[in-house]
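Trainee: Sharing a sequence plus its predicted fold:
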Amino acid sequence: MAKKKSTSKKKKQVVKVEVEKFQGLVTKSTGLWYTVIDYDTKKSYQGRLRGKLKLKGMKLTNPIAVGDLVEYSLEDEIENTVIIHDILPRKNVILRQSTRKKYHGHVIASNIDQAILIATLALPKTSLGFIDRFLVAAESYNVPTYIAFNKDDLLDEDSRAYLDELKSIYEPLGYKCVRISALENSNLDEIKSIIQDKTSLLVGHSGVGKSTLLNKLASNVQQRTDEVSLYAEKGKHTTTFAEMFELKDHNGHLIDTPGIKELGIMGIEENEIGHFFPEIRDVMHDCKYNNCTHTHEPHCRVLELVNEGIIATSRYLSYLSMIEGDDNRK
Ligand SMILES: Nc1nc2c(ncn2[C@@H]2O[C@H](COP(=O)(O)OP(=O)(O)OP(=O)(O)O)[C@@H](O)[C@H]2O)c(=O)[nH]1
Ligand SMILES: [Zn+2]
């Protein structure tokens, strides 16, 4: 388990000769403090990071994220505090660009089995650009994603017909869509079956109904609603705390995230973006040029399929907006 790397620490810790290390799961992160649940005993601790973790690659605003498996040692057994020494290798991460620091990434969560993207056509309306950006981030780590269109109770017939159209775009690409009303408890059975035995990430804009849905799915986390809505009213998007909840009724975990306003894509090169659009990935080898950007080149299979209406225009526009490197606001 623990690697031999305690020699450098001996200089600082003269008294403690040997530090016993344990493994745990990070279920909450405030940026300074982390809730760590021990892997074996399931005991909960408040952890902080000793020194700086050196992470390869891009700069991150949060070195440790919800979902991380960490190696820790006990600091104060009475106060239940621990020191986090290291992160175990991550299976995946969902990253977005930091809104505070340019060129920094922010890890929304790590080690997830799937994501449930909550969108809505009611207020605050989710743009297709936002949906597509999230799907690209998830594709880049092979994270299966479901799209839950919430607030169905507020929609008129035209909007529902439009949702059927969206479903016909996204489902063939592998993104199952479900229409729900978290408030009225409608159609939640499908979501309940999806989250069974899995660690699922709940994401979406602020106000789409993530907390409302969480409370319906997890009877054991009722108290969270007030906390979250009070927080949201005070001022949204100022901080980014995600939290993982154990779903006692469904034997899984849900990670709730505060609303994401914009989703800047991080860590994906411009010429890789097409690989994370399944409909582009599937046909790009039929383009005449193997470095085709699918924007203007002759004999581009992607452009042909866009013109034939087989690749959805909205998806192609999202692709263009992403390779141009602008943000997701129109
Ligand atoms: N009509 C209707 N309202 C809903 C539905 N789901 C949520 N709402 C309402 O939408 C508002 C925002 O819901 P929240 O659950 O706080 O949204 P959130 O996504 O958690 O927002 P943040 O915590 O800020 O990220 C609340 O007033 C909810 O009652 C729904 O299915 N139908
Ligand atoms: Zn092409």
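Mentor: Sure, I can see it. Ligands and ions are numbered 1, 2, ... in the order given.
Trainee: May I have the beta-bridge partners of Tyr178?
Mentor: Actually, residue 178 is Val rather than Tyr. Ala148 (DSSP bridges).
Trainee: so what's it scoring on pLDDT?
Mentor: On pLDDT, Val178 comes in at 97.
Trainee: hang on, Arg100 in a strand?
Mentor: No. Judged by DSSP: H, G, I helix; E, B strand; the rest coil, Arg100 forms no part of a strand; its state is coil.
Trainee: residues contacting the nearest residue to it once chain neighbours are set aside?
Mentor: When the adjacent residues along the chain are set aside, Arg100 lies closest to Thr61, with 6.4 Å between them (CB to CB, 6 or more residues apart in numbering). Using the backbone N, CA and C atoms, a C-beta is placed for each residue, glycine as well. Applying CB atoms under 8 Å, 6 or more residues apart in numbering, we find Thr61 in contact with Gly31, Ser98, Arg100, Lys101, His104, Gly105, His106.
Trainee: mind checking the SS state of the closest residue to ligand 2 within the stretch 51-200 of the chain?
Mentor: Closest residue of the stretch 51-200 of the chain to ligand 2, CB to the ion: Val136 (17.4 Å). Three-state call for Val136 (three-state DSSP): helix.
Trainee: Make sure it is actually in contact with Arg315.
Mentor: No. Applying CB atoms under 8 Å as the test, Val136 and Arg315 come out as separate, 10.5 Å apart.
Trainee: which residues do those two both contact?
Mentor: Joint contacts of Val136 and Arg315 (CB under 8 Å, 6+ apart) are Phe277.
Trainee: hang on, the earlier thing: next, work out how far apart the residue nearest to Arg100 and ligand 1 are.
Mentor: 19 Å (CB to the nearest ligand atom, to the nearest Å).
Trainee: Just the buried ones from the contacts of Thr61, in PyMOL syntax?
Mentor: Of the contacts of Thr61, the buried ones go into a single PyMOL selection, burial set by 16 or more other CB atoms under 10 Å:
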select buried, resi 98+105+106
